[in-house]
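With the sequence up front, the predicted model follows.
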Amino acid sequence: MNDVIIRTEELTKHYVLGAETVRAVRGVDLVVERGEFVAIMGPSGSGKSTFMNMIGCLDTPTAGRYWLNGQQVSELSEDELARVRNRAIGFVFQTFNLLPRATALHNVELPLIYAGVGARERRERAAQKLEMVGLGDRMGHKPPEMSGGQRQRVAVARALVNEPALLLADEPTGNLDSVTSEEIMHVLAQLNGEGQTIMLVTHEHDIAGYAKRQVHLRDGIIEQDFLTEAVETRA
């Protein structure tokens, strides 16, 4: 299991809404190996967001089992899940989720503050990640002083600062124009080329095309799971 970072067996999530039971995810089996770049696709209501929330330890399954980085996390408590999220997972969201009055450097430092890392090491690590995403000259800028693409790069740097085993990107280009979306996807492809495991949720086929593997959900089950063709031409 050393090379397997995600393993789900019969992963299931049901919601009870009044008299109705919504079967959002219905027994998904998935294995993702370390270093993969996987896009999760599907129409609205397909279960992709619910599935991503369980993979990100933001939600717990109704049934089934889930291992992350060799640890079974499907039965952990809320506090234990929070520790796993902070230690093993980096998140990139559509809305950036940056503090508007804080500099790029301080935004990237935040997960390290929660992890109890000292000030000097925090600054060094945050600066290194901002350099990695091409923002070495923007560390003192605040989000309102930056473009959408730059803000998303700050968010990517923040997601990476804890050296997570898994980077989860939920519609990371949803608020960006097509040119800026390409820039962000090139950043993610480059990170994956350096060994970072990435799982991306998107409804856009051209964005999914940057991933090396695509998993398509429909009605809470996997409809297709295939390798992206000619991915080398995009990286």
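Sure thing, it's come through.

so which strand or helix has the residue nearest to the spatial centre of the chain?
Centroid-nearest residue in the chain: Leu168, 0.9 Å away (criterion: Cα atoms, centre = their mean). Using DSSP states H and E, the element containing Leu168 is strand 166-170.

For that strand, which strands pair with it and how are they oriented?
Strand pairing for strand 166-170, using DSSP bridges, gives strand 89-93 (parallel), strand 197-201 (parallel).

Dump those into CSV; add distance to Asp177 as well.
(Glycine included, C-beta is placed from N, CA and C.) Shown next, in CSV, are those (distance: least, Cβ to Cβ, whole Å):
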stretch, distance to Asp177
strand 89-93, 17
strand 197-201, 18
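
Tabulate these (JSON lines), appending mean pLDDT, distance to Val32 and mean neighbour count.
Converted to JSON lines, these look like this (pLDDT from 0 to 100; distance: least, Cβ to Cβ, whole Å; neighbours: other Cβ atoms under 10 Å):
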{"stretch": "strand 89-93", "mean pLDDT": "94", "distance to Val32": "13", "mean neighbour count": "22"}
{"stretch": "strand 197-201", "mean pLDDT": "97", "distance to Val32": "7", "mean neighbour count": "25"}
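
Just tell me which of the ones you listed ends up closest to Val16.
Nearest to Val16, of all the strands paired with strand 166-170, is strand 197-201, at 24.4 Å by Cβ to Cβ.

Beta-bridge partners for Arg23, please?
Listed beta-bridge partners, Arg23: His14 (assigned using DSSP bridges).

what does the one 10 residues further on give?
With DSSP bridges as the criterion, Glu33 is bridged to Val4.

check contacts around it.
By Cβ atoms under 8 Å, 6 or more residues apart in numbering, Glu33 lies in contact with Asp3, Val4, Ile5.

just the angle between the helix or strand that contains Leu11 and strand 197-201, please?
When elements are assigned from DSSP H and E, Leu11 belongs to strand 4-17. If you take axes from the mean of the first three to the mean of the last three Cα atoms, to 10 degrees, strand 4-17 sits at 30 degrees to strand 197-201.

coming back round to it: tell me the most packed of the contacts of Glu33, by neighbour count.
Highest neighbour count within the contacts of Glu33, by other Cβ atoms under 10 Å: Ile5, with 21 neighbours.

measure it to Lys142 for me?
Distance, Ile5 to Lys142, using Cβ to Cβ, to the nearest Å: 34 Å.

Can you give me the buried ones in stretch 132-139?
Met132, Val133, Gly134, Leu135, Arg138, Met139 (16 or more other Cβ atoms under 10 Å).

Return the closest of those residues with respect to Glu194.
Relative to Glu194, and with distances defined as Cβ to Cβ, the nearest of these is Met132, at 8.9 Å.

May I have the residues that are in contact with the closest one?
Ala157, Leu160, Leu191 are the contacts of Met132 under Cβ under 8 Å, 6+ apart.

Same question for the nearest residue to the first one once chain neighbours are set aside, what's its three-state structure.
It stands for Ala157. Excluding its sequence neighbours, the residue lying closest to Ala157 (Cβ to Cβ, 6 or more residues apart in numbering) is Lys129, at 3.9 Å. Here Lys129 takes the helix state, with states given by DSSP: H, G, I helix; E, B strand; the rest coil.

From Gln214, how far off is Lys129?
27 Å.

Quick check on the two: which one has the bigger neighbour count.
With neighbours defined as other Cβ under 10 Å, Lys129 and Gln214 compare such that Lys129 has more, 23 against 20.

from the chain's centre, how far out does the longest helix along the chain sit?
Counting by DSSP state H, the longest helix found in the chain is helix 178-193. Here the centre of helix 178-193 is set off from its chain's centre by 14 Å, with Cα atoms, centre = their mean, to the nearest Å.
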